[in-house]
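In: For reference, the sequence and a predicted model appear below.
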Amino acid sequence: MKKIFHPASTRGKADYGWLQAKYSFSFANYFDPQRLQFGLLRVLNDDVVAPAMGFGRHPHANMEIVTIPQFGAVKHKDSMGNEGIVAAGEIQVMSAGSGVEHSEVNASAKEPLKLFQIWVFSEEENVTPRYDQKKIASLVKPNEISTVVKPKNEANENELWVHQQAYFNLGEFTENREVNYFLKTPSHGIYLMVIEGQITIADEILKDRDAIGIWDSHEISFSVTKDTKLLLIEVPMN
C-alpha cells in the first residue's frame, strides 16, 4: 500500500473577496508541482461564495464535474438549456464533453454558499455534454460508505454517472464504526477527505478537511468516530 497525507492546513488558499477557496490540487493561482492531481482526480475545491456572487458564464470541455453544496444553494445555468437550483442535500453532475458553458451563482442574497467542486478527467473525449442532479438522502445509507456517482457502464437510468471509471462515495456516521472499503479495480486508488469528524486510517488520524490518497491496495480499512462525514473518491491512477 502507498499513501499520501494531505492535512487541511497544507491546501492551497485564495481570497478573491467574494470567494474564499481551498484547493486540494493546483488550481488558478495556486501551483504545487507535487500536488497536480491524484490519479485522474484533477480538482477538489472547497469554496465559500458570498451572497449573490458566483462564477460567471465560462467554458469547460472533456471533464466530468461534480458539485456538492454543503450549505446554501447554487443557481445553475448552462448552454445546454439547463437552469435551476442545486441545494445542500443535492448533488450535481455535468459532463462537459465536447464543450459547454455554464454559470454558478449563490442563490441567496443573504447567506454564504459552501460547496465542493470536483473534476475528474473524462474517459472518452468530445462526448455529448450532459447534466443531471439528485437528492443525496435517498442515495446515502447511515453508518456506511455509499456510492452516489458511478461509471456510465454500471449505472441504471435512475443513478448519477460519469464518463470515467470513477466512483464518488459519501459516508455519514452517527456511531463509532470500523469500515472496510474494497476497490473496484486493483489499479485504482482512493482519495478520502474528512468533511467533518475524525477517522484513523493507514496510521494517520484525520480530522476536518484532512485528506489522504491511498493506492496499490485492493482494500482500505479505517475506524470512524461518531458524527463524522466523509467524501471518498475512487479513480484510476493513470
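Out: Cool, the structure landed.

In: Show me the shaky parts of this structure.
Out: Within the chain, no stretch falls below the threshold (pLDDT under 70).

In: can you give me the helices for it?
Out: Per DSSP state H, the chain carries no helices over any range.

In: which residue is nearest the middle of it?
Out: I118 (4.1 Å; Cα atoms, centre = their mean).

In: ok, now which ones touch that residue?
Out: Applying Cβ atoms under 8 Å, 6 or more residues apart in numbering to I118 gives the contacts L41, V43, L44, N45, I65, V66, T67, I68, F168, I233. Bear in mind the C-beta positions are built from the backbone N, C-alpha and C, glycine included.

In: Among those residues, which ones are in strands?
Out: Judged by DSSP state E, these include L41, V43, L44, N45, I65, V66, T67, I68, F168, I233 as members of strands.

In: In the sheet, which residues pair with the residue nearest to the centre of the chain? Tell me.
Out: Legend: beta-bridge partners of I118 under DSSP bridges are L44, V66.

In: Make a markdown table from the ones in strands among the contacts of I118 and add neighbour count to it.
Out: Putting those into a markdown table (neighbours: other Cβ atoms under 10 Å) gives the following:
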| residue | neighbour count |
| --- | --- |
| L41 | 24 |
| V43 | 18 |
| L44 | 25 |
| N45 | 22 |
| I65 | 21 |
| V66 | 22 |
| T67 | 20 |
| I68 | 23 |
| F168 | 24 |
| I233 | 24 |
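
In: Looking at those residues, which is nearest I214?
Out: I233 (11.4 Å; Cβ to Cβ).

In: wait, isn't that closest one in contact with F168?
Out: Yes. I233 is in contact with F168 according to Cβ atoms under 8 Å; the separation is 5.6 Å.

In: Buried residues, stretch 128-146. List them.
Out: For stretch 128-146, the neighbour count (16 or more other Cβ atoms under 10 Å) marks P129, R130, Y131, Q133, K134, I136, L139, V140, I145 as buried.

In: go on, stretch 208-215?
Out: Quick answer for stretch 208-215 (16+ other Cβ under 10 Å): R209, D210, A211, I212, G213, I214, W215.
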